[in-house]
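Enquirer: got a predicted structure plus its sequence, pasted below:
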Amino acid sequence: MEILFSVLTVSLFAATIRSATPLVLAALGGIFSERSGIVNIALEGIMLIGAFFAMMISFYANQYGLPPLVSALTGMVGAMVFGFLISMIHAVVSIRFRADQVVGGVAINILALGLTGFLLQLIFETSGNSPSVPNLAAMPIPILASIPILGGIFFNQSPIVYVALLAVPISSFVLFRTPLGLRLRAVGEHPKAADTVGVNVFRLRYLGVGLSGVLAGLAGSYLSLGQLNIFTENMTNGRGFIALAAVIFGKWNPWGAFGACLLFGFADAIQISLQNAGVNIPSDFLLMLPYILTLVALAGFIGRSRPPAAAGVSYEK
Amino acid sequence: MTTSDESTIKRWRERIMLVVAPFIQQLILPVGAIILALLIGAIFILAIGNNPITAYIALLQGAFGDIFSIGETLEATTPLIFTGLAVAFAFRANMFNIGAEGQFLMGALAATWVGTSLELPSIIHLPLILLAGIIVGGLWGGAAGLLKAIRGVHEVISTIMLNFIAIFFIGYMVTGPMKEESALDIPQTAKMLDTAQLMKIMPPSRLSIGIILAVLVAAFIWWLLWKTTVGYEVRAVGLNFFAAEFGGIKPNYNMFLAMLISGGLAGLGGAVVISGLFLRFQHGFEPGYGFTAIAVALVGGNNPPGVVLAALLFATLSQGALGMQNVAGVPQDIVLIIQALVIFFVAAPQIVWAFPEWIERRREAAQAASEGGQA
């Protein structure tokens, strides 16, 4: 018990936020996509693409003489652009060509793994780690960072963390308090009805998937530039799927998904700190937690989780 | 030359086409997809300044260059046949089993346990190992089927979750209860006992008798799907849930059954790979056969003979890739790109026509514009 209390520190909660950040961003992306009616199991691959191009662009920007911080920021923006581009493949295949969205997502994940490995080998001649590049390390916010406890947890983090924390209320507002959000949800619940009243189903679905690309790409940039300063092969390591689990566990709601990500992030952080403290509990069971909870939630034992009605169904005019 | 001769020829041609045409139609999509993906792969290879022909020859050499490579390629085909059949069988019931990976790994773990901890004569030991793989893999797949049947949980999500639960459970077992004491840097289990190993059939390669078992199982699944009531009911549910129910078939039971059999096939693959190739379970063993299986099933048209051929194709790509990297200097990850492209083209064949159609529209628009200009 004493050991348990000794690990419950500010640094543990700060680590929770750090573990949760990529999940939060990708999960918000997943919500936009699935709310518009496009199932997105490609989050994993989009994140991987984001992580790679963030590193690569930061590397080249720095080579061309840009200052480190500017290089890293360029990398972050580049990750969003490339995340968007790869998500558009998923969008075109699912929306324009009406392919099975799960099959398309599987292909995107394989494509991302192949493309990043291919480019890593080609450009940096390695199959493991990229060289280190300028990154977006912790940037304490003046005044706020000096608040006891909370300052250490929330306000002494990488800038991408701040973006993620802001993205939650913004996403919730857009989705539930704006006409755009209403239309996006309508298209995912009953596209025919939305179409009848003049909503452009296809355009909104492209928007939903595109937002998922931007957000998951940003999530990827946090892995290579926020947590580390390198890219390693397959560095997402299933985080895209945990984000998907958070979408479901949070019932396709930004705040719900945020809560789920915090829970999953906490499981990850406490697993690491217990290991560091030398406590001999099998960490694998803590790592399993997100997936078990999601299954339980889906089975309806803690309030049934129901996807948008038209998610996964292609729309034909 | 009389008219009756001509009509005989015509009649025969029609008869032949009646038999051959369906085959050609079934083949045209996967073969076209593969050719197109290889062509785009060639563009990638050209773009990095290499010769695609040299690269593809190096790939074939790597996969079939000598008896050793042929054996290794067939050994890589074996697990893909099992997992490909698993995904294909579930697809027949309109169930998308993304969890073949987890079922494969759980089957492999169960086989490892039986093969390392029980001492039995080979004639009992080997069947028991394979059975353990089938049962545990089947339970892992069946769990997803059960969740779908009684709680309506979508199998795509549940099998993804079950994959990760399997990976972490295995991580616990391999670093804990099943860990070999004198282990190296990477935790691993003990080695399969001599009585628990499948026979090698093509030395010096590591090809085991598992490949023959795989082909036999493919034949069995073909028989099960097309010649038995079980297969008929599973396919009926896959084609039309409500019509099947109206016809007196229990859709929920059959979806569960399909996932049970699907998981059993993947689990059997795990058992075969452990007792035929790896001989022990190493920590972090995630070969990805369950994901390649999705491509295998799609390209194979969810039909057992097609699955066997598609498994051979993807094994060739992955075995030859290393040769291609070493000889022609093309990063081996290009085969993953090709694999992804094949999936896209099979899943959305209309993509192939998008570009010519776009050119056609452009030309028509240009023509209309020039005619408008003249008028």
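Expert: Cool, the structure landed. Numbers count the residues shown, from 1 in each chain, chains lettered A, B, ... in the order given.

Enquirer: what score does residue A:238 have for pLDDT?
Expert: pLDDT, residue A:238: 85.

Enquirer: also residue A:4?
Expert: 60.

Enquirer: how about residue B:236?
Expert: In this model, residue B:236 is scored at 83, pLDDT.

Enquirer: now it. Nearest residue, chain neighbours left out?
Expert: Distance criterion Cβ to Cβ, 6 or more residues apart in numbering or on different chains; nearest residue to residue B:236, sequence neighbours excluded, is residue B:244 at 4.2 Å. (Each C-beta comes from the backbone N, C-alpha and C, glycine too.)

Enquirer: does that neighbour really touch residue B:237, like I thought?
Expert: Yes. Counting by Cβ atoms under 8 Å, residue B:244 touches residue B:237, with 4.6 Å between them.

Enquirer: okay, and the common contacts of those two?
Expert: Taking Cβ atoms under 8 Å, 6 or more residues apart in numbering or on different chains as the criterion, residue B:244 and residue B:237 both touch B:251, B:254.

Enquirer: if I look at residue B:16, what pLDDT would I see?
Expert: Reported pLDDT for residue B:16: 76.

Enquirer: please work out which residue of the stretch 201-350 of chain B is closest to chain A.
Expert: Residue nearest to chain A within the stretch 201-350 of chain B: residue B:336 (2.7 Å; Cβ to the nearest Cβ).

Enquirer: contacts only, for residue 299.
Expert: Just so you know, I chose chain A. Residue A:299 is in contact with B:147, B:151, B:153, counting by Cβ under 8 Å, 6+ apart.

Enquirer: ah, no, chain B please
Expert: Contacts of residue B:299 (Cβ under 8 Å, 6+ apart): B:30, B:33-34, B:306, B:310, B:313-314, B:342, B:346.

Enquirer: of the contacts of residue A:299, list those near chain A.
Expert: By Cβ under 8 Å from any Cβ of the partner chain, the members of the contacts of residue A:299 lying near chain A are B:147, B:151, B:153.

Enquirer: what's the PyMOL syntax to select whichever of those residues are buried?
Expert: Buried residues within these, by 16 or more other Cβ atoms under 10 Å in any protein chain shown, are selected in PyMOL with:
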select buried, chain B and resi 147+153
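
Enquirer: name the nearest of the ones next to chain A among the contacts of residue A:299 relative to residue B:39.
Expert: Ranked by distance to residue B:39 (Cβ to Cβ), the ones next to chain A among the contacts of residue A:299 are led by residue B:153 at 40.7 Å.

Enquirer: does the closest one really touch residue A:296, like I thought?
Expert: No. Contact criterion Cβ under 8 Å: residue B:153 and residue A:296 do not qualify, at 10.2 Å.

Enquirer: joint contacts of the two?
Expert: With Cβ under 8 Å, 6+ apart as the test, residue B:153 and residue A:296 reach no residue in common.

Enquirer: around chain B, pick out the residues from the stretch 201-317 of chain A.
Expert: A:238, A:241, A:244-245, A:248, A:282, A:284-285, A:287-288, A:290-292, A:294-295, A:298-300, A:307.

Enquirer: from the residues you listed, list just the buried residues.
Expert: Buried residues within those, counting neighbours by 16+ other Cβ under 10 Å: A:238, A:241, A:244-245, A:248, A:282, A:284-285, A:287-288, A:290-292, A:294-295, A:298-299, A:307.

Enquirer: near chain B, which residues of the stretch 51-200 of chain A? Just list them.
Expert: So the stretch 51-200 of chain A meets chain B at A:93, A:96-100, A:102-104, A:106-111, A:113-118, A:121-122 (Cβ under 8 Å from any Cβ).

Enquirer: how does it look with 6 Å?
Expert: A:93, A:97, A:99-100, A:102-103, A:106-107, A:110-111, A:113-114, A:117-118, A:121-122 (Cβ under 6 Å from any Cβ of the partner chain).

Enquirer: out of those residues, which are buried?
Expert: Looks like those have A:93, A:97, A:99-100, A:102-103, A:106-107, A:110-111, A:113-114, A:117-118, A:121-122 buried, using 16+ other Cβ under 10 Å.

Enquirer: re the thing from before, how far away is the residue of the stretch 201-350 of chain B closest to chain A from residue B:288?
Expert: Noted for residue B:336: a distance of 10 Å to residue B:288, by Cβ to Cβ, to the nearest Å.

Enquirer: ditto for residue B:92
Expert: Distance from residue B:92 to residue B:288, by Cβ to Cβ: 23 Å.

Enquirer: same drill for the two, tell me which one is more crowded.
Expert: residue B:92 (22 against 14; other Cβ atoms under 10 Å in any protein chain shown).

Enquirer: can you tell me the centre-most residue of chain A?
Expert: The centre of chain A sits closest to residue A:26, judged by Cα atoms, centre = their mean, with a distance of 1.8 Å.

Enquirer: that one is in contact with residue A:43, isn't it?
Expert: Yes. Between residue A:26 and residue A:43 there is a contact under Cβ atoms under 6 Å: 4.9 Å.

Enquirer: what do these two both touch?
Expert: Common neighbours of residue A:26 and residue A:43, using Cβ atoms under 6 Å, 6 or more residues apart in numbering or on different chains, are A:216, A:240, A:243.

Enquirer: and the last one, that one's in a helix?
Expert: Which is residue A:243. Yes. Applying DSSP: H, G, I helix; E, B strand; the rest coil, one finds residue A:243 inside a helix.

Enquirer: wait, what's in contact with it?
Expert: With the criterion set at Cβ under 6 Å, 6+ apart, residue A:243 makes contact with A:23, A:26-27, A:30, A:43.

Enquirer: CA atoms of the helix or strand harbouring residue A:209 as PDB?
Expert: In this assignment (DSSP states H and E), residue A:209 forms part of helix A:201-221. What follows is helix A:201-221, C-alpha atoms only, in PDB (Å, rounded to 0.1, in the frame of the first residue of the first chain):
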ATOM      1  CA  VAL A 201     -23.700  13.700 -47.700                       C
ATOM      2  CA  PHE A 202     -20.500  13.100 -49.700                       C
ATOM      3  CA  ARG A 203     -18.900  16.400 -48.800                       C
ATOM      4  CA  LEU A 204     -19.600  16.000 -45.100                       C
ATOM      5  CA  ARG A 205     -18.200  12.500 -45.100                       C
ATOM      6  CA  TYR A 206     -15.000  13.700 -46.800                       C
ATOM      7  CA  LEU A 207     -14.900  16.400 -44.100                       C
ATOM      8  CA  GLY A 208     -15.300  13.800 -41.300                       C
ATOM      9  CA  VAL A 209     -12.600  11.600 -42.600                       C
ATOM     10  CA  GLY A 210     -10.300  14.500 -43.400                       C
ATOM     11  CA  LEU A 211     -10.600  15.800 -39.900                       C
ATOM     12  CA  SER A 212      -9.700  12.300 -38.600                       C
ATOM     13  CA  GLY A 213      -6.600  12.500 -40.900                       C
ATOM     14  CA  VAL A 214      -5.500  15.900 -39.500                       C
ATOM     15  CA  LEU A 215      -6.100  14.900 -35.900                       C
ATOM     16  CA  ALA A 216      -4.500  11.400 -36.200                       C
ATOM     17  CA  GLY A 217      -1.600  12.900 -38.100                       C
ATOM     18  CA  LEU A 218      -1.100  15.400 -35.200                       C
ATOM     19  CA  ALA A 219      -1.400  12.500 -32.800                       C
ATOM     20  CA  GLY A 220       1.400  10.800 -34.700                       C
ATOM     21  CA  SER A 221       3.600  13.800 -34.500                       C
END
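
Enquirer: and stretch A:87-101, which residues are buried?
Expert: If you call a residue buried by 16+ other Cβ under 10 Å, then stretch A:87-101 has these buried ones: A:87, A:89-97, A:99-101.

Enquirer: show me which helix runs longest in chain B.
Expert: helix B:3-47 (DSSP state H).

Enquirer: run through the neighbouring helices and strands of it.
Expert: helix B:52-64, helix B:334-347 (3 or more Cβ pairs under 6 Å, 6 or more residues apart in numbering or on different chains; DSSP states H and E).

Enquirer: check these for me and report the most buried one.
Expert: helix B:334-347 (a mean of 25; mean count of other Cβ atoms under 10 Å in any protein chain shown).

Enquirer: and the next element down the chain from that one?
Expert: Taking DSSP H and E, what comes next after helix B:334-347 is helix B:350-374.
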